Structures are given as C-alpha cells and as structure tokens.
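**Student:** sequence below, structure please.
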Amino acid sequence: MPRLRIIVASSVLIAGFVLAAYAEDQEKMPSSPPSSMMENGNTPMTMNMIQQMSRMMENCNRMMESHMQPGPTLAPQPEKKG
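**Tutor:** Just a heads-up that it's a prediction; the model follows:
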C-alpha cells in the first residue's frame, strides 16, 4: 500500500509540473499561431505536450488498475478463544 501512495503522489506531482509549464506557455504564446506553422501542418509545441500528458495519464491509469486488482483471497482464520 505505501508503494501505491508513492506512485500516486509522484504522478500528481509530475502532472502538476506539466500543467504549470503548459499554463506558462499559454501566457507567453500569441493569441493566434503564426500562419506558417499551420500551413506546414506542424502542431504547436503545446499540442504535443497535451498529447504526451494524455498518454502519460493513460499509462498511469493502466498501472494503477493492475495494482488494484484483487489478489487471491485467503480462507478466514478461526477466532482463537481462550
């Protein structure tokens, strides 16, 4: 369980850093992308960052789901009286 908490906390921190960088880039970018960028068919840097973030979150979700699957159940232990 502690390992799961470390993984979740790390993922949240990484996501926070990526989103902070994305927000900073949005402030610095002009309101409309240069026309040459769109004519060449290239996507802006922020679109690549969003796609990478999306893939990272999907991978994280898959990893978390694999850790959350129930393992083999043990037979209940009888209570000791005495």
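
**Student:** element containing V12?
**Tutor:** Secondary structure assignment for V12, by DSSP states H and E: helix 2-28.

**Student:** and that helix, what does it pack onto?
**Tutor:** helix 45-68 (3 or more Cβ pairs under 8 Å, 6 or more residues apart in numbering; DSSP states H and E). For every residue, glycine as well, the C-beta is placed using N, CA and C.

**Student:** what's the angle from the helix it packs on to helix 2-28?
**Tutor:** With axes from the mean of the first three to the mean of the last three Cα atoms, to 10 degrees as the criterion, the two stretches helix 45-68 and helix 2-28 enclose an angle of 170 degrees.

**Student:** quick one: buried residues of helix 45-68?
**Tutor:** Of the residues in helix 45-68, those scored as buried under the neighbour-count criterion (16 or more other Cβ atoms under 10 Å) are M53, C60.

**Student:** list the buried ones in the helix holding V12?
**Tutor:** Counting neighbours by 16+ other Cβ under 10 Å, the buried set in helix 2-28 is S11, V18.

**Student:** what mean pLDDT does it get?
**Tutor:** In this model, helix 2-28 has an average pLDDT of 84.

**Student:** secondary structure class of K81, three-state.
**Tutor:** Under DSSP: H, G, I helix; E, B strand; the rest coil, the three-state class of K81 is coil.
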